[in-house]
Structure formats: C-alpha cells, structure tokens
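**Q** got a sequence here, can you build the structure:
(one chain, ligands or ions: 1)
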Amino acid sequence: MSLATSSVRPGSDAAALPEGVSISAIKPSIGSYISGYRFDGESVPDAFRSAMRYQLHNRGLVIFEPGTVTAANFTSFAGFLGEFFDYAGPHTPRAPDNPDATVISAEKDAHLRNHVWHADGGFRADAPAFTALFGKHIPDSGGDTMFSNAAYVYESLDPLFAQYLDSLKVIQSPDATGHITDRYLDPEEAAQARLRMPPFELPLVRVHPESGRKWVAVNESYVCYIKGVSRVHSQNILGILFDMIKSPEATCRIEWKQGALAVWDNRVVQHRAIKDYTSNAERVLYRCTMSV
Ligand SMILES: [Fe+2]
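**A** Numbers count the residues shown, from 1 in each chain. Model (predicted):
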C-alpha cells in the first residue's frame, strides 16, 4: 500500500492547527491522536475542522485526549461532520445529559452485539458515515475498543484477488448474527424490526468519496454471504477477509480514559468492544453518529 495516503500529513496540517495542538500517528495503518485542544462549547475554527476531516478521511480514526470535550458538548464538537443519524434501539437509550447522544452501557451487554466486528448501523444500506464515542465511565481494567482500517486491508490484497473482489456483491442483514433476535425480545417487535430492516445488497468493495481509496466493505456482524457463488466459496473468501480485518497490521487497540473522545470514519473503519471487564464493572460510553 501507499503509506503516503495514510500517514499524518506534515506541514500544511500543522500550519492549520490552533496553537498548542499536535497530531501524532497511532499506528502506520490507522489512527491519529490529537492533543492540546479544548472545545469552548461554541465553535471550532474552520481550519481545524479541515484538519480533522483530513485525518478522518485518510487515517480513519481520531482519538482526542481527555479534557478536549465534555459528555454534554461532544456532539456539538463532532456534529459538523454531518447530520445526526438517529437510530437508538431498545437497549441504547438517549443520554440523560445530552439529547443528541445515546448510551452504550455494560449493563445492556446481554443485548448488545458490540463485541463482534461491525460498522455502526451496518444493518442499513445508508449506515452513518461518522461515529463519535465519548468515555463517560471506564472500567478500572479492560473494556478497550479495537479498530480496523478496511482500506489498508484492500491495499494489502494480491492485485488479482482485489480485482476479482471488485466484481462481487454481498447480501447484508441486521439478523446475520442475531442483531434483531438479541435486541428485540418481544416476538411482535422483532417481526416488525425485520420488516423495517430487510436484507439488502451492496458491492463488496467500495470507494471512499473523499480519499478515493477502496475498502473491503464486509464485516462479521452484518454480512450474510457473497451473492452468486456457492456457500463454501462465499464462506472461504469472507473468512480470508475477516482474518485480514482482524490482523495486527490493520488494527489498533484503544485503552479508554474517562473523558476521551474517539471519532472515526464509519464507512472504512470497523470496530469491536473487548468484553474482558468484570461483570459488575461500570462501562458507559456516549455515542452519536452522523450522515453526510
Ligand atoms: Fe459500534
């Protein structure tokens, strides 16, 4: 792959940054860390917005240090990325202190599928383009989040294999691994959810509208099968791709700190929670998602 497209851009970005703000790479394939910025709750300078967009489009994930934003204003900070995309489910209620955020809590773990690699809202063809996640309460140990850059995965493929994948379509469904079954416990509500969110078809490889990079648009949570090939053919190809998505080279693991903010390009970056914390641990994250 070309590292030029995925490294932190020096020079021009640095010139656009507010005084005291710095950007550093998390891993070669994914992620930037931004420190030294404090959101005043009102506005974000245009040049800094442009720098953040550049990082999101080209690095996939941006982590902001604790103190950058608050639980009440992180949605105002990240909201410039698009229109809020409202898809709160029965186990992701509205945040009491922020009407634009929903709550992802360990208390609901039995009904959440966030430990399986996924894109947020990937059960819909119009999944949100960006997610912002704020660390409200973090366990003393565990509860990290892993992220993977599926553009890096595509660029790591043998070119002939990549060309073949370009020709394929996949069928996605919210219940591919039990998203509806686990969330909607009332049979009638589950039936209505299935009517509301039927399976749909998408290209296996997609192109990012800003960076022009292709990415492997399959995730373990919502992809059922590759269209038009045998079941074994489909399972084996998906197995290769899922394995690459989970590889150390394509991923980073973020250890949460209370008050930290993660923002990612939800089209290209997949993620999963690591549920290694104790059963009584408090792990509460606030989320908002944006469409473009
Ligand atoms: Fe998620």
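
**Q** where's whichever residue of the chain sits closest to the ion, which helix or strand?
**A** With C-beta to the ion as the measure, residue 120 is the residue of the chain nearest to the ion, at 4.5 Å. All C-beta spots, glycine's among them, are computed from the backbone N, C-alpha and C. In this structure, residue 120 is located outside every helix and strand according to DSSP states H and E.

**Q** please list all residues in contact with the closest residue to residue 228 other than its chain neighbours.
**A** Excluding its sequence neighbours, the residue lying closest to residue 228 (C-beta to C-beta, 6 or more residues apart in numbering) is residue 169, at 7.3 Å. With contact taken as C-beta atoms under 8 Å, 6 or more residues apart in numbering, residue 169 is in contact with 201, 202, 203, 204, 226, 227, 228.

**Q** rewinding a little: what number of residues lie near the residue of the chain closest to the ion?
**A** When counting by other C-beta atoms under 10 Å, one arrives at 20 neighbours for residue 120.

**Q** circling back to that earlier point, ranking the contacts of residue 169 by neighbours, who comes first?
**A** Neighbours were tallied for each of those (criterion: other C-beta under 10 Å), and the maximum of 22 neighbours falls on residue 226.

**Q** correct me, but that residue touches residue 233?
**A** Yes. Counting by C-beta atoms under 8 Å, residue 233 is a contact partner of residue 226 at 7.2 Å.

**Q** show me the shaky parts of the stretch 51-200 of the chain.
**A** When residues are selected by pLDDT under 70, none of them lie in the stretch 51-200 of the chain.

**Q** the helices in it, which residues?
**A** Defined through DSSP state H, counting those that start in this stretch, the helices belonging to the stretch 51-200 of the chain, from first to last, are 74-78, 150-156, 159-166, 179-183, 187-196.

**Q** let's have those helices in CSV, adding mean neighbour count and distance to the ion.
**A** Written out in CSV, the entries for the helices of the stretch 51-200 of the chain read as follows (neighbours: other C-beta atoms under 10 Å; distance: least, C-beta to the ion, whole Å):
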stretch, mean neighbour count, distance to the ion
helix 74-78, 24, 15
helix 150-156, 25, 15
helix 159-166, 13, 24
helix 179-183, 18, 11
helix 187-196, 12, 18
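
**Q** quick revisit: isn't the residue of the chain closest to the ion right up against residue 127?
**A** Yes. Residue 120 lies in contact with residue 127 (C-beta under 8 Å); the separation is 6.8 Å.

**Q** return every residue with contacts to both of the two.
**A** Going by C-beta under 8 Å, 6+ apart, residues that sit against residue 120 and also against residue 127 are residue 266.

**Q** got the phi and psi for the closest residue to residue 18 other than its chain neighbours?
**A** Residue nearest to residue 18 in three dimensions, not counting chain neighbours: residue 48, with 5.8 Å by C-beta to C-beta, 6+ apart. Note on residue 48: backbone dihedrals following degrees, to the nearest 10 are phi -70, psi -40.

**Q** surely residue 48 meets residue 19?
**A** No. Residue 48 lies out of contact with residue 19 (C-beta under 8 Å); the separation is 11.0 Å.

**Q** mind checking which of these two has more residues around it?
**A** Remark: of residue 48 and residue 19, residue 48 carries more neighbours, 16 against 5, as counted by other C-beta under 10 Å.

**Q** contacting residues around that one?
**A** For residue 48, the contact set (C-beta under 8 Å, 6+ apart) comprises 16, 17, 18, 21, 37.

**Q** which of those fall in helices?
**A** Cross-referencing those against helices under DSSP state H gives residue 16.

**Q** between the contacts of residue 48, which is nearest residue 175?
**A** Ranking those by separation from residue 175, with C-beta to C-beta as the measure, puts residue 37 on top at 40.7 Å.

**Q** contacting residues around that closest one?
**A** Residues near residue 37 by C-beta under 8 Å, 6+ apart: 18, 20, 21, 48, 64, 68.

**Q** follow-up on the earlier one: now, of the contacts of residue 48, which are buried?
**A** Among these, those classed as buried by neighbour count (16 or more other C-beta atoms under 10 Å) are 16, 17, 21, 37.
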